[in-house]
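> coordinates only, sequence not included:
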């Protein structure tokens, strides 16, 4: 079945540590996205990528980094510069702009 | 990016009743999309309505769009307990950025 796989489902970060969240899709979509969701809140865009080797900052990119070396993969690194990283992180993909986005089941990141 | 704001924030109904959720946005859009999120899961796309459409149906879902008022509504008919979820709207306007509101949390009581 085609879809988006995020791993791990739960992740714990120590102070000063960088952590990387994995996102893989087999939908052959060009565009991929990372969102952050806080309790009772909507989704805020962190980064998006229109195509391989290209990505753009979203509304809350500070403290995060991404790469897009393969069409299928769009990992997100939460760096130690992100002082409040506890949240639910969602990865998504779409064929093109304005088109429906397909989401993974998220990674919940907490601080130890 | 296009702002989506849902109303009400929470809605509780009995199974079998209809549920109506509203969405307002601030700038011009090409389309308006509705998504559902079950607790602890990712979002699932429900329906997309284009700016030149006024109403669209999909199964028990009915979406309306009023571009003059910059608003949309999602109606779920004959609700079921499985419809319990949060519902989000998002406007597409020629960019890769969709802005999601805080959603409407729907509880359907068996």
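Great, that's in hand. Predicted model only: the values in this text are computed from it and were never measured. Numbering: from 1, shown residues only, chains lettered A, B, ... in the order given.
> what are the phi and psi angles of the residue nearest the centre of chain A?
The C-alpha lying nearest the average C-alpha coordinate of chain A belongs to residue A:34 (Cα atoms, centre = their mean; 3.1 Å). Here is the backbone geometry of residue A:34 (degrees, to the nearest 10): phi -120, psi 130.
> Quick check: it touching residue A:68?
No - at 10.9 Å, residue A:34 does not count as touching residue A:68 under the criterion of Cβ atoms under 8 Å. Heads up, the C-betas are built off the backbone N, CA and C, glycines and all.
> hey, what's in contact with both of those two?
Any residue near both residue A:34 and residue A:68 by Cβ atoms under 8 Å, 6 or more residues apart in numbering or on different chains counts here, and that gives residue A:74.
> Pop out the phi and psi values for the residue nearest to the residue nearest to the centre of chain A when sequence neighbours are not counted.
Among residues not flanking residue A:34 along the chain, residue A:46 sits closest, at 4.3 Å (Cβ to Cβ, 6 or more residues apart in numbering or on different chains). With angles defined as degrees, to the nearest 10, residue A:46 sits at phi -90, psi -60.
> and residue A:46, how many neighbours?
Residues lying near residue A:46 (other Cβ atoms under 10 Å in any protein chain shown) number 26.
> Run through the residues that contact it.
A:34-36, A:58-61, A:64, A:66, A:76, A:89.
> for residue A:67, same thing?
Counting by Cβ under 8 Å, 6+ apart, residue A:67 has contacts A:55, A:74-75.
> what about it, distance to residue A:23?
For residue A:67, the distance to residue A:23 (Cβ to Cβ, to the nearest Å) stands at 11 Å.
> distance of the most centrally placed residue in chain B from chain A?
In chain B, the C-alpha nearest the mean C-alpha coordinate belongs to residue B:34, at 4.0 Å (Cα atoms, centre = their mean). Separation of residue B:34 from chain A (Cβ to the nearest Cβ, to the nearest Å): 10 Å.
> thought that residue was touching residue B:85?
No - look at residue B:34 against residue B:85 with Cβ under 8 Å: they stay out of range, at 11.4 Å.
> Where does pLDDT dip in chain A?
Low-confidence segments of chain A (pLDDT under 70): A:1.
> got it, and chain B?
B:1-3.
> Name the residues of it found near chain A, please.
Within chain B, the positions near chain A by Cβ under 8 Å from any Cβ of the partner chain are B:1, B:4, B:30-31, B:33, B:40-45, B:48, B:88, B:92-103.
> one more time with 6 Å, if that's ok
B:30-31, B:41-43, B:45, B:48, B:92, B:95-97, B:100-102 (Cβ under 6 Å from any Cβ of the partner chain).
> Pull the most distant pair out of the residues you listed.
Greatest spatial distance among the residues of chain B next to chain A (Cβ to Cβ): B:30 and B:41, at 27.4 Å.
> give me the element the residue nearest to the centre of chain B is part of.
For residue B:34, the enclosing helix or strand under DSSP states H and E is strand B:31-37.
> Packing partners of that strand?
strand B:43-50, strand B:85-92 (3 or more Cβ pairs under 6 Å, 6 or more residues apart in numbering or on different chains; DSSP states H and E).
> what angle sits between the first one and strand B:31-37?
Comparing the axes of strand B:43-50 and strand B:31-37 via axes from the mean of the first three to the mean of the last three Cα atoms, to 10 degrees yields an angle of 160 degrees.
> who touches strand B:43-50?
With contacts defined as Cβ atoms under 6 Å, 6 or more residues apart in numbering or on different chains, strand B:43-50 is touched by A:100, A:103, B:31-37, B:56, B:58, B:61, B:63, B:65.
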